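S.K.: okay, predicted coordinates and the sequence, questions at the end:
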Amino acid sequence: MVNSIRNQFNSSFTPEKYAAFMEDLNQLFPGAIDFRVAETPVFINKSLGKQMVETCEHIIDLIKRDDFISLTERSIPKQEYMQNQNDHSHFIAFDFGLCKKENGELYPALIEMQGFPTLFGFQAYYPEILEKHFEIPSGYSEFFNGLDRDTYLMLLEEVIVGPHQKEEVILLEIKPHTQKTRIDFYCTEKFLGIKPICITELIKEGKNLFYIVDGKKIRIKRIYNRVIADELNMVKHELGNIISFTDDLDVEWVPHPHWFYRISKFTLPFLKHPCIPGTWFLNELELIPKDLQQYVLKPLFSFAGQGVVIDVTMDDIAGIKDPENWILQRKVQYAACIQTPDEPAKAEIRLMYIWKDGADRPVLATNLARLSKGKMIGVRYNKDKEWVGGSVAYFEQ
């Protein structure tokens, strides 16, 4: 995207430099990085960055509408409905694929969004190590809105811990120490002082929740929720007798689990924007497009991209038994725009917003990037490839 910076980075890169970077990156929590880290960050110029931010703000305008709750009420499965929903999601992430117009100009296309946390802890650690080993040009930053690493962590602590004692706040996950994203949980504990706790470790007494540390039972007042509902439903039978989120619990959620459903693929059909591919609920589609090869079929509720149909046929659509729970989305063609030593890579950028209690809008804080040379973004499509995996984008300020 910024040819001069890309050429300079590639020409100064060596496998030895990358090996030293990875050794350093793994020092903090050895063995905890369970995904591939790319050899390079992504550099985004002002024009491309502005398009991404404007698209996000357009979506936030919808989320702030008075009728957004009623528009998205159907998104919450009846069996998952909970009490005490607050008035906004504390975290929102927007995923953009980098694509090319017919004239060769790059533009961002929204792929998905989530009213749910992502690697907010790891992204405070990873760029710091990256910058020790690779030169990042001045005038470029992974942070936004005047934030730096210290003020970013202060904001994160204010939103996650809030007015409580740190021991009264937990990061909740399913078997956190075996998750591929566990490095993020450990970074969050290091920076904020809150422990990752498995849902199986919760103790319920009346409306209150507790966990035990060093033999001491501690009341939980706030949950930094990292439990993905779809994953929980898939493995619930393996976990034994666990608490139900739908119980009447005296606990604060950051964010409340309802926002996982409301701000999701379910939101896409309500949006019209040049950087948002046309999306329709399958049950509301009046005519099936003749060029189905230009569309992708997605279940509204799925974990890690499971169930997505890339090469759609009429038989695929005819076989859907619950069309109200599926969307048909105009296919996005990622551009192989990141030059690497062998073949160019595709890139997906996730803009990460934080929404303080009492604030009118969320604030764009930081980002992450993922590089791919496969058919889709993700580990399974990039086996035995280099210059792919997790990364970060540096935006021209």
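M.R.: Sure, I can see it. What you are looking at is a predicted structure, and each value in this text was computed from that prediction instead of being measured. Residues are numbered from 1 along each chain as shown.
S.K.: list the buried residues in the helix or strand that contains Ala369.
M.R.: Using DSSP states H and E, Ala369 sits within strand 363-372. Of all the residues in strand 363-372, those buried under the rule 16 or more other C-beta atoms under 10 Å are 364-372. In short, each C-beta sits where N, CA and C put it, glycine included.
S.K.: so which of those residues is the closest to Lys207?
M.R.: Taking C-beta to C-beta as the measure, Ala365 is the one of the buried residues of strand 363-372 closest to Lys207, at 32.9 Å.
S.K.: circling back to that earlier point, and the next element down the chain from the strand holding Ala369?
M.R.: Beyond strand 363-372 on the C-terminal side, the first helix or strand identified by DSSP H and E is strand 389-391.
S.K.: C-terminal to that next one, what's the next element?
M.R.: Using DSSP H and E, the helix or strand that directly follows strand 389-391 along the chain is strand 393-396.
S.K.: contacts for that next one, please.
M.R.: Residues external to strand 393-396 that are found in contact with it (C-beta atoms under 8 Å, 6 or more residues apart in numbering): 2, 41-46, 49, 136-137, 139-142, 144, 347, 349, 367-369.
S.K.: next: stretch 315-335.
M.R.: Outside of stretch 315-335, the residues that reach it under the criterion C-beta under 8 Å, 6+ apart are 74, 97-100, 106, 109, 111, 265-266, 268-269, 277-283, 285, 288-289, 292-301, 309-310, 312, 346-348, 372, 377.
S.K.: only alpha carbons, please: show it as PDB.
M.R.: Backbone C-alpha positions of stretch 315-335 (Å, rounded to 0.1, in the frame of the first residue of the first chain) are rendered in PDB as follows:
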ATOM      1  CA  ASP A 315     -28.900 -26.800  -4.200                       C
ATOM      2  CA  ASP A 316     -27.100 -25.100  -1.300                       C
ATOM      3  CA  ILE A 317     -29.900 -22.600  -0.900                       C
ATOM      4  CA  ALA A 318     -32.600 -25.100  -1.400                       C
ATOM      5  CA  GLY A 319     -31.100 -27.200   1.400                       C
ATOM      6  CA  ILE A 320     -31.300 -24.500   4.000                       C
ATOM      7  CA  LYS A 321     -34.000 -25.400   6.500                       C
ATOM      8  CA  ASP A 322     -33.900 -22.200   8.500                       C
ATOM      9  CA  PRO A 323     -33.300 -19.400   5.900                       C
ATOM     10  CA  GLU A 324     -34.000 -16.700   8.500                       C
ATOM     11  CA  ASN A 325     -30.700 -17.700  10.200                       C
ATOM     12  CA  TRP A 326     -28.600 -17.300   7.000                       C
ATOM     13  CA  ILE A 327     -27.400 -14.400   5.000                       C
ATOM     14  CA  LEU A 328     -26.400 -14.100   1.300                       C
ATOM     15  CA  GLN A 329     -23.500 -11.700   0.900                       C
ATOM     16  CA  ARG A 330     -21.800 -10.300  -2.200                       C
ATOM     17  CA  LYS A 331     -18.500 -12.000  -2.400                       C
ATOM     18  CA  VAL A 332     -15.400  -9.900  -1.700                       C
ATOM     19  CA  GLN A 333     -12.200 -10.600  -3.700                       C
ATOM     20  CA  TYR A 334      -9.200  -9.900  -1.500                       C
ATOM     21  CA  ALA A 335      -6.300  -8.300  -3.400                       C
END
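S.K.: mind listing what's buried along it?
M.R.: Taking 16+ other C-beta under 10 Å as the neighbour-count basis, stretch 315-335 is seen to contain the buried residues 317, 320, 325-329, 331-332, 334-335.
S.K.: let's see which of the residues you listed end up in strands.
M.R.: When the buried residues of stretch 315-335 are checked against strands (DSSP state E), the matches are 326-329.
S.K.: quick one: pLDDT of Ser47?
M.R.: The pLDDT attached to Ser47 in the predicted structure is 96.
S.K.: please spell out which residues along the helix or strand that contains Leu130 are buried.
M.R.: Leu130 is located in helix 122-133, with elements delineated by DSSP H and E. Across helix 122-133, burial judged by 16+ other C-beta under 10 Å covers 122-127, 129-130.
S.K.: and that helix, what does it pack onto?
M.R.: In terms of contacts (3 or more C-beta pairs under 8 Å, 6 or more residues apart in numbering; DSSP states H and E), helix 122-133 is packed against helix 15-25, helix 149-160, helix 182-192, strand 363-372.
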